[in-house]
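Quick one, what's the 3D model for this:
(2 chains)
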Amino acid sequence: MPKKEKKIQIKKVEVKKIVKPVKGKISKEKDPQASERGKKTFNLLRGMHDVLPKDEKYWKPMYQVASDLAAHFQFGRLETPILEEIGLFVRSIGKGTDVVDKEMYTFEDKDGTKVCMRPELTAAAVRAFIMHGMWNMPQPVKLWYWGPMFRHDRPQAGRYRQFHQVGYETFGHADPSADAELILVAFNFYKDLGLPIEIHINSLGTPAERTNYKVELVNYYRSKRSYLCEECRNRLVKNPMRLLDCKEERCQGIKEEAPQIINWLGAESKNHFMKVLEYLDELGIPYQLDSTLVRGLNYYTHTVFEIYVADAEISAQNALGAGGRYDLLVEEMGGRPTPAVGMALGLERSVLALKQYNEKHNREMPKVPTEAFVAQLGEEARRITLKVIDELRFGGIKIAFNLCKTSLKAQLELADNLKVPFAVIIGQKEVQDGTAIIRDMESGIQEIVDQKKLIPVLKRKLGKFDDKR
RNA sequence: GUGGCUAUAGUUUAGUGGUAAAACUGUGGUUUGUGGUACCGCUAUCGAGAGUUCGAUUCUCUCUAGCCACCCCA
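Model prediction:
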């Protein structure tokens, strides 16, 4: 109780003080704010995040690069619903994987259908491929997507429950060139954004080859059983391929000596893999063979790869993206046997890595410079200004303005912050004369121009080609 | 899901058992039509709830969130 009384008293004092020198404006503005303070505010759900305008400089170019690459490599945009039947993911990703067993957002729809928010998009792409009879289209069928995915994992930096991926999938192209093409797309994505990456690559062969290899792997690890960490002893029974993921120090030596899957591949599989590598060599894409790379989703065959930030210091979550071949999935999902390769990149992680990389190297994302600031004085001028602003848009001039500001000083300050080369000033006098002032922000030299000639004059000053002359 | 650390203005940080400081940002102003400086205002129920206490932002507990490692993955 005493707390509240004190506070109220303080406020009254403040208001009185303010009312004296200024007008009634401020006290009017303050009251609603004060009453709002008592209201509850809402927070985000755990693991959710807003993408804010301050990060637009990352998200916008990412989308631009992603869609440019898609256009260049002839991927068609696929947009699928966020909600899908739960079985779609259970069958494709596979039971026993963490994604399916622990991380999916699932619920029962009002009609009792078991529904799931997509944890990834390859399965949905396969579904769409089959559903729309895309095997009847000229092959290969190339699809790309961009959108939110949902995984109920424990959040960490660069790891969210709703996160975004961009992905590319190629159907009906069995040749190693398809694998290489996708890796090239990923490589170019980061190259264009200015982030050095490295590719880790491996081959899982066919399921039969993998089974043979697993037997050998288990035999090997059994012989070392007493030296293994507890976790690995479990893996030995549950998921032997994951033994290769172990980070325990005591298991590292054992891991290094472990049989490598590449030696268990048949001639055909080996040949496929070698050809992929040859393509990468030809393209000059650096890669590292990684015999321990196995991937968490069950549908992969042959080539698998992951994309890491080249600078190991940069991020905890440094796996930016991953992909691989899934030649059997389309058939498994009820379609005609169709070879396929896919790849997905994590966007939040890419932003995080880019930020850290840029900070480390004192680099900034390129942005389109503003060419002119339009300043206005008075209500009359504001009316004209909004029109001028619109005309300048048609003139193709990148401008900034702020109708909220009334003083010229404040507006020029903004112009200065934006490092705009020119300011266009419209006041009462200019409204009457139908003119505008163009101020060179560097020299301070001003020129009075007819409002109708604003676009050509500005263009000339900006060194732009003016097609009206 | 397991373990650990953290939680003060929009941001980054001080600080104290007696309700809080600074920088930056934002906003208004320093003769109401001119910027890059300078100066002066304004902006925090000290994450939420409970407990201990005359009194807590400061101590304890619970919760929540973030971060780190594991797990997993993008």
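
Find the nearest non-adjacent residue to residue A:151, please.
Spatial nearest neighbour of residue A:151, chain neighbours left out: residue A:103 (4.3 Å); criterion: CB to CB, 6 or more residues apart in numbering. C-betas here are computed from N, CA, C, even on glycine.

Go ahead and confirm that neighbour touches residue A:154.
No - using CB atoms under 8 Å, residue A:103 is not in contact with residue A:154, being 9.8 Å away.

So those two - more neighbours on which side?
Legend: neighbour count by other CB atoms under 10 Å for residue A:103 and residue A:154, higher for residue A:103 (15 against 9).

which ones are touching the closest residue to residue A:244 other than its chain neighbours?
Closest residue to residue A:244 apart from its sequence neighbours, by CB to CB, 6+ apart: residue A:292 at 3.9 Å. Taking CB atoms under 8 Å, 6 or more residues apart in numbering, we find residue A:292 in contact with A:202, A:244, A:245, A:255.

thinking again about what came up before, tell me who's in contact with the residue nearest to residue A:151.
A:119, A:151, A:152, A:153.

Tell me if I am right that it is in a helix.
No - Residue A:103 is assigned coil when assessed by DSSP: H, G, I helix; E, B strand; the rest coil, not a helix.

so how many other residues sit close to residue A:158?
Residue A:158 has 20 nearby residues by other CB under 10 Å.

ok, it touching residue A:350?
No - with contact defined as CB under 8 Å, residue A:158 does not reach residue A:350; the gap is 9.1 Å.

Spatially nearest residue to the residue nearest to the spatial centre of chain A, not counting backbone neighbours?
The centroid of chain A falls nearest to residue A:347 when counting by CA atoms, centre = their mean (2.3 Å). If the residues on either side of it in the chain are set aside, residue A:347 comes closest to residue A:164, at 4.0 Å by CB to CB, 6+ apart.

Give me the contact list for stretch A:170-179.
With contact meaning CB under 8 Å, 6+ apart, stretch A:170-179 is reached by A:129, A:134-135, A:139-143, A:181-182, A:272-273, A:275-276, A:278-279, A:302-303, A:325, A:327, A:330, A:338-342.

related to what we said a few turns ago, ranking the contacts of residue A:292 by neighbours, who comes first?
Neighbour counts for these (other CB under 10 Å) peak at residue A:202, which has 25 neighbours.

Could I get the contacting residues of residue A:180?
Taking CB under 8 Å, 6+ apart, we find residue A:180 in contact with A:276, A:279, A:280, A:283.

by contact count, what packs against the helix or strand hosting the second one?
Put plainly, it is residue A:279. Taking DSSP states H and E as the criterion, residue A:279 maps to helix A:267-283. Here helix A:267-283 touches helix A:176-193, strand A:197-203, strand A:301-309, going by 3 or more CB pairs under 8 Å, 6 or more residues apart in numbering; DSSP states H and E.

Burial-wise, tell me which of the ones you listed comes out on top.
Ranked by mean neighbour count, the helices and strands packed on helix A:267-283 are led by strand A:301-309 with a mean of 24 (mean count of other CB atoms under 10 Å).

quick one: average confidence on the helix or strand just after that one?
Per DSSP H and E, strand A:301-309 leads on to strand A:319-325 as the next helix or strand towards the C-terminus. Throughout strand A:319-325, pLDDT has a mean value of 93.

Distance from the chain centre to strand A:319-325, please.
14 Å (CA atoms, centre = their mean, to the nearest Å).

low-scoring stretches of the stretch 351-469 of chain A, by residue?
The stretch 351-469 of chain A contains residues with pLDDT under 70 at A:465-469.

ranges for the strands of it?
If you assign secondary structure with DSSP state E, counting those that start in this stretch, the strands in the stretch 351-469 of chain A sit at A:372-376, A:399-401, A:422-426, A:435-440, A:446-450.

helices and strands around the shortest one, which ones?
Applying 3+ CB pairs under 8 Å, 6+ apart, we find strand A:399-401 packed against strand A:372-376, helix A:379-394.

what lines up beside that strand in the sheet?
Within its sheet, and counting by DSSP bridges, strand A:399-401 is paired with strand A:372-376 (parallel).

Then the fourth one?
Its sheet considered, strand A:435-440 pairs with strand A:422-426 (antiparallel), strand A:446-450 (antiparallel) by DSSP bridges.

Run the angle between it and helix A:379-394 for me.
Compare the direction of strand A:435-440 with that of helix A:379-394 by axes from the mean of the first three to the mean of the last three CA atoms, to 10 degrees and you get 60 degrees.

Are strand A:435-440 and RNA strand B in contact anywhere?
Yes - using CB under 7 Å from any atom of the strand, strand A:435-440 reaches RNA strand B at A:437, A:439.

can you check the last one too?
Yes - using CB under 7 Å from any atom of the strand, strand A:446-450 reaches RNA strand B at residue A:446.

Would you mind extracting the C-alpha trace of that strand into PDB?
Provided in PDB are the C-alpha atoms of strand A:446-450 (Å, rounded to 0.1, in the frame of the first residue of the first chain):
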ATOM      1  CA  GLN A 446      20.900  24.200 -52.600                       C
ATOM      2  CA  GLU A 447      19.000  24.500 -55.800                       C
ATOM      3  CA  ILE A 448      15.300  25.400 -56.300                       C
ATOM      4  CA  VAL A 449      13.600  23.100 -58.800                       C
ATOM      5  CA  ASP A 450      10.200  22.900 -60.300                       C
END
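
Mind checking the pLDDT average for stretch A:340-349?
Mean pLDDT, stretch A:340-349: 95.

Put the buried members of the contacts of stretch A:170-179 into a ChimeraX selection.
To isolate the buried subset of the contacts of stretch A:170-179 in ChimeraX, counting by 16 or more other CB atoms under 10 Å, use the following:
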select /A:129,134,135,140,141,142,143,181,182,272,273,275,276,279,302,303,325,327,330,338,339,340,341,342
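
how about the nearest residue to residue A:146 once chain neighbours are set aside, secondary structure?
Counting by CB to CB, 6+ apart, residue A:146 lies nearest to residue A:166, which is 4.6 Å off, once chain neighbours are set aside. Following three-state DSSP, we place residue A:166 in the strand state.

Point me to the helix or strand that includes the residue nearest to residue A:326 when sequence neighbours are not counted.
In space, and not counting its chain neighbours, residue A:326 is closest to residue A:299: 4.5 Å by CB to CB, 6+ apart. Here residue A:299, judged by DSSP H and E, is contained in no helix and no strand.

Would you confirm that residue A:299 contacts residue A:330?
No - contact criterion CB under 8 Å: residue A:299 and residue A:330 do not qualify, at 9.8 Å.

dump the residue contacts of residue A:148.
Residue A:148 touches A:82, A:162, A:163, A:164, counting by CB under 8 Å, 6+ apart.

Quick one: mean pLDDT over the one helix or strand the third one maps to.
This points to residue A:163. Using DSSP H and E, residue A:163 maps to strand A:162-171. What strand A:162-171 shows for mean pLDDT is 96.

How about stretch A:294-303?
82.

Now the residue of the stretch 351-469 of chain A found nearest RNA strand B: closest residue in space that isn't a chain neighbour?
Nearest residue of the stretch 351-469 of chain A to RNA strand B, counting by CB to the nearest atom of the strand: residue A:427, 2.8 Å away. Closest residue in space to residue A:427, ignoring its immediate chain neighbours: residue A:377 at 3.9 Å, by CB to CB, 6+ apart.
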